[in-house]
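S.K.: Just to be clear, the model below is a prediction. Sequence and coordinates:
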Amino acid sequence: MIVLNMIVRNAADTVLAALESVREIVDFAVIGFAGESDDGTEEQVINWLAEHFPERNVIGSFEFKDFADARNRVLALTPEPFFQDPNTWMIWLDADDTVLGAAELPGILEQMPPHAGAIQFPYIYQQDEHGNPLVVHDRERLIRLSVRGWTWFRPVHETLRTATPHGIVRLDNLTWVHDWKANQGSRSARNLALLETYHAEHPEDRRTGLYIAHSHYSNERWAEALEWFARYYHEPDNELDLKYIESLIREGGLHGKVKTMGWISSEEKVELMANSLGCVFIPFGEDYGYVTLEAFHSRKPVITCADSGGPLDFVRDGVTGLVAEPDPRAIAGAMDRLFYGMEAARKMGQAGYDSVVSLRMTWDRIIERLAG
């Protein structure tokens, strides 16, 4: 079962193309009309729903505050039974987006592991005059509704989060294409104002600064775009939403037990690793994972998950680290195992170091091989 989440207003030129791109895969549509003015979009959408989804839709109307607020309002309109079915997914779409390759989605969802709660796809935000991608982001565009607590944040280019543990899968089978030209003019000015207000209130959210840069670039305000791009790329990389993580720490009563560091230098990383008991590295489907090698060089065992991908090429369960199921309790159990078996942890760390040394994975070795 696939449920559509869409917010629309003043998108008469693009909304039907967006809806048609997912018509064959969507089973139920939840649509929110957000704003005061309308250019005929509402009538188009209502007629389209009557033709293709009679009695399989919910429509709501509300004032527009920002895109995250509107998206959350549409989520709240979704019938409760969909949240109770672990096989129901929600696809969220902008009125100026189209989805390429959507026909493959039902087959993809049938193969999703039960712990997967969100799926990322490439999102082409901007193209050149020949249709070649200029800006591409990975965005979560499908969520499993039985994973409770989903909310969107950021006023423009809204982003998903939930405190409920879940896995994230990244796939290339489908691609979202954004009609960025539709956001020029008055809508662009509105979006830029929303972003700048949010960034002033949340200066730690660097991603918003990047969106401001793209907005200026799209409207050929080159000096402003250069200033914001420079600000983004010259600040320390801190893609972690630290405020969100800190809120989870507070809610869990973990103050004093969990410490957020933010960006750290290479020297600080070496010191932290050297004085640790082990390293927890639990990505989903990682292609390689240098963190594992860094931990082994520091003679530390690595805890990873059975679906972590690349780290499993190096972590041997019980030998160089621990491989846990992708479940919070299983990961906590692995950490307890290191804490209550420190001598075994030390031996696993040494075994990890020995394995890296035996592979001769050094820059001298790489240069030697490349030089032939």
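M.R.: Thanks, I have it.
S.K.: Give me the neighbour count for the closest residue to M361 other than its chain neighbours.
M.R.: Across the structure, with C-beta to C-beta, 6 or more residues apart in numbering as the measure, the residue nearest M361 apart from its sequence neighbours is L293 (6.6 Å). Placement of C-beta: from N, CA and C, glycine included. The local packing count at L293 equals 18, with neighbours defined by other C-beta atoms under 10 Å.
S.K.: Flag the shaky bits of the stretch 201-350 of the chain, pLDDT-wise.
M.R.: In the prediction, the stretch 201-350 of the chain carries residues with pLDDT under 70 at positions 234-241, 243-244.
S.K.: can I assume the residue nearest to M361 is in contact with F314?
M.R.: Yes: taking contacts as C-beta atoms under 8 Å, L293 lies within contact range of F314: 7.0 Å.
S.K.: Mutual contacts of the two, please.
M.R.: Residues within reach of L293 and of F314 at once, by C-beta atoms under 8 Å, 6 or more residues apart in numbering, are V356.
S.K.: in this protein, which spans are helices?
M.R.: Using DSSP state H, the helices of the chain run over residues 15-22, 41-52, 67-77, 81-84, 105-110, 186-201, 206-218, 222-234, 242-251, 266-274, 290-297, 328-339, 342-359, 363-371.
S.K.: could I get the ones you listed as TSV with distance to C305?
M.R.: As requested, these are arranged in TSV below (distance: least, C-beta to C-beta, whole Å):
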stretch	distance to C305
helix 15-22	32
helix 41-52	41
helix 67-77	29
helix 81-84	26
helix 105-110	21
helix 186-201	34
helix 206-218	26
helix 222-234	31
helix 242-251	19
helix 266-274	20
helix 290-297	12
helix 328-339	7
helix 342-359	17
helix 363-371	28
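S.K.: what's the closest of the ones you listed to V3?
M.R.: helix 81-84 (5.6 Å; C-beta to C-beta).
S.K.: buried ones in that closest one?
M.R.: Judged by neighbour count (16 or more other C-beta atoms under 10 Å), helix 81-84 contains these buried residues: F82, F83.
S.K.: ok, for A345, nearest residue in space, not its chain neighbours?
M.R.: Excluding its sequence neighbours, the residue lying closest to A345 (C-beta to C-beta, 6+ apart) is L338, at 4.4 Å.
S.K.: Report the separation between that neighbour and L322.
M.R.: Spatial separation of L338 from L322 under the definition C-beta to C-beta, to the nearest Å is 7 Å.
S.K.: what sits in contact with each of those two?
M.R.: Common neighbours of L338 and L322, counting by C-beta under 8 Å, 6+ apart, are P301, I303.
S.K.: Of those two, which one has the most company?
M.R.: Neighbours were counted for L338 and for L322 using other C-beta under 10 Å; L322 has more, 26 against 23.
S.K.: got a list of what that one touches?
M.R.: P301, V302, I303, T304, V315, A334, R337, L338, M348.
S.K.: mind running it again at 7 Å?
M.R.: P301, I303, A334, R337 (C-beta atoms under 7 Å, 6 or more residues apart in numbering).
S.K.: Same check on F67?
M.R.: Per C-beta under 7 Å, 6+ apart, neighbours of F67: I7, P155, V156, E158.
S.K.: Now do L192: how many residues are near it, please.
M.R.: Around L192 sit 20 other residues, with neighbours defined as other C-beta under 10 Å.
S.K.: whoops, I mixed them up, Y233
M.R.: Residues contacting Y233 under the criterion other C-beta under 10 Å number 12.
S.K.: From here on, call the first residue 476.
M.R.: All right, first residue 476 from here; so that's Y708.
S.K.: ok so, going back, can you put the contacts of F542 in JSON lines and add neighbour count, distance to F596 and pLDDT?
M.R.: As requested, the contacts of F542 are exported to JSON lines (neighbours: other C-beta atoms under 10 Å; distance: C-beta to C-beta, whole Å; pLDDT from 0 to 100):
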{"residue": "I482", "neighbour count": "25", "distance to F596": "19", "pLDDT": "93"}
{"residue": "P630", "neighbour count": "23", "distance to F596": "22", "pLDDT": "93"}
{"residue": "V631", "neighbour count": "19", "distance to F596": "19", "pLDDT": "89"}
{"residue": "E633", "neighbour count": "20", "distance to F596": "16", "pLDDT": "90"}
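S.K.: Inside strands: which ones of those?
M.R.: For these, membership in strands holds for I482, with DSSP state E as the criterion.
S.K.: Return the closest of the contacts of F542 with respect to H674.
M.R.: Nearest to H674, judged by C-beta to C-beta, of those is P630 at 9.6 Å.
S.K.: Would you check that the closest one makes contact with F539?
M.R.: No: at 10.5 Å, P630 and F539 do not qualify as touching, with contact defined as C-beta atoms under 7 Å.
S.K.: who's in contact with P554?
M.R.: Taking C-beta under 7 Å, 6+ apart, we find P554 in contact with V533.
S.K.: And for Y828, nearest residue in space, chain neighbours not counted?
M.R.: With C-beta to C-beta, 6+ apart as the criterion, Y828 has its nearest non-adjacent residue at 4.5 Å, and that residue is R774.
S.K.: Verify the contact between that neighbour and M823 for me.
M.R.: No: taking contacts as C-beta under 7 Å, R774 lies outside contact range of M823: 9.3 Å.
S.K.: And those two? Which one has more around it.
M.R.: Neighbours were tallied for R774 and for M823 using other C-beta under 10 Å; the higher tally belongs to M823 (26 against 18).
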